[in-house]
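**Student:** turn this into a model:
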Amino acid sequence: MLKITLYYVPYNTNVAFLQIKQTEVTSLPEYRYLFYAHVYTSIFVLLFGFLQFIIPRAGNGKVIHRFSGYQYVFLILAFAAPSGIYMGLHANGGLPSKLSFILLGTLWWVTTWVAMIKIRKGKFLQHRDWMIRSFALCLSAVTLRFWKVIIVYLFHLPPIDVYQVIAWLGWVPNLIIAEILIYNYNKP
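**Tutor:** Next up is the predicted model:
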């Protein structure tokens, strides 16, 4: 993901994914700014999200957990999810892809918001469950690219069909796995 992000450094509107989005880049000035907000914040969101699950919550780990958690929540709620929703409105692949990306961005924002509310109320287990959901949606950036390689290699579909399929495969299985994990964590 870092390599993909670095394609857009320095600022360039005619590189990688933006090459196929030139209509949006030229006719919707806000698109490029929201795209860059999404790309530049999402790489940090992934980093802070991973830290949430690998740093122990005792001693100094508690400080790191809180700091990275605040950054994770702020970046998603203020930048990454809203810009993702906007980009979803202009997604390639027609209505199926647009619906998927808008739903993904909305669920990502909502799950992160609920996780934040739960921790503020001291509901640690519910906070954990909602953060698992949020991070599962966050990981769609990674799984979408994984599925793209698999689908292209195995099925040789036209590019637009691949995009419509991976738009959903990027996050729906992640959320199902998250729900299975949550169920197993909470079993009596």
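**Student:** count of neighbours near residue 5?
**Tutor:** Counted with other C-beta atoms under 10 Å, the neighbours of residue 5 add up to 16. C-beta: built from backbone N, CA, C; applies to glycine.
**Student:** going forward, count from 789.
**Tutor:** Noted, 789 is the first residue going forward, which turns the last one into residue 793.
**Student:** tell me the confidence at it?
**Tutor:** The per-residue pLDDT reported for residue 793 equals 76.
**Student:** distance check, the residue nearest the centre of the chain against residue 892.
**Tutor:** Geometric centre of the chain, nearest residue: residue 926, 3.1 Å, by C-alpha atoms, centre = their mean. Look at residue 926 and residue 892: by C-beta to C-beta, to the nearest Å, they are 10 Å apart.
**Student:** ok, back up a step: the closest residue to the residue nearest to the centre of the chain other than its chain neighbours: which element?
**Tutor:** In space, residue 926 comes closest to residue 837 once its chain neighbours are excluded; the distance is 5.2 Å by C-beta to C-beta, 6 or more residues apart in numbering. Taking DSSP states H and E as the criterion, residue 837 maps to helix 817-842.
**Student:** now do the helix or strand just after that helix: distance to the chain's middle.
**Tutor:** Downstream of helix 817-842, the next assigned helix or strand under DSSP H and E is helix 848-863. Centroid separation for helix 848-863 versus its chain: 17 Å, with C-alpha atoms, centre = their mean, to the nearest Å.
**Student:** mind exporting the C-alpha coordinates of helix 848-863 to PDB?
**Tutor:** Below are the C-alpha coordinates for helix 848-863, written out as PDB (Å, rounded to 0.1, in the frame of the first residue of the first chain):
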ATOM      1  CA  ASN A 848       3.700   2.300  27.500                       C
ATOM      2  CA  GLY A 849       1.600   0.200  25.100                       C
ATOM      3  CA  LYS A 850      -1.500   1.900  26.600                       C
ATOM      4  CA  VAL A 851      -0.200   5.300  25.600                       C
ATOM      5  CA  ILE A 852       0.600   4.100  22.100                       C
ATOM      6  CA  HIS A 853      -2.800   2.400  21.800                       C
ATOM      7  CA  ARG A 854      -4.600   5.600  22.800                       C
ATOM      8  CA  PHE A 855      -2.500   7.900  20.600                       C
ATOM      9  CA  SER A 856      -2.800   5.600  17.500                       C
ATOM     10  CA  GLY A 857      -6.500   5.100  18.200                       C
ATOM     11  CA  TYR A 858      -7.200   8.900  18.300                       C
ATOM     12  CA  GLN A 859      -5.300   9.300  15.000                       C
ATOM     13  CA  TYR A 860      -7.100   6.300  13.400                       C
ATOM     14  CA  VAL A 861     -10.500   7.700  14.400                       C
ATOM     15  CA  PHE A 862      -9.800  11.300  13.500                       C
ATOM     16  CA  LEU A 863      -8.300  10.500  10.100                       C
END
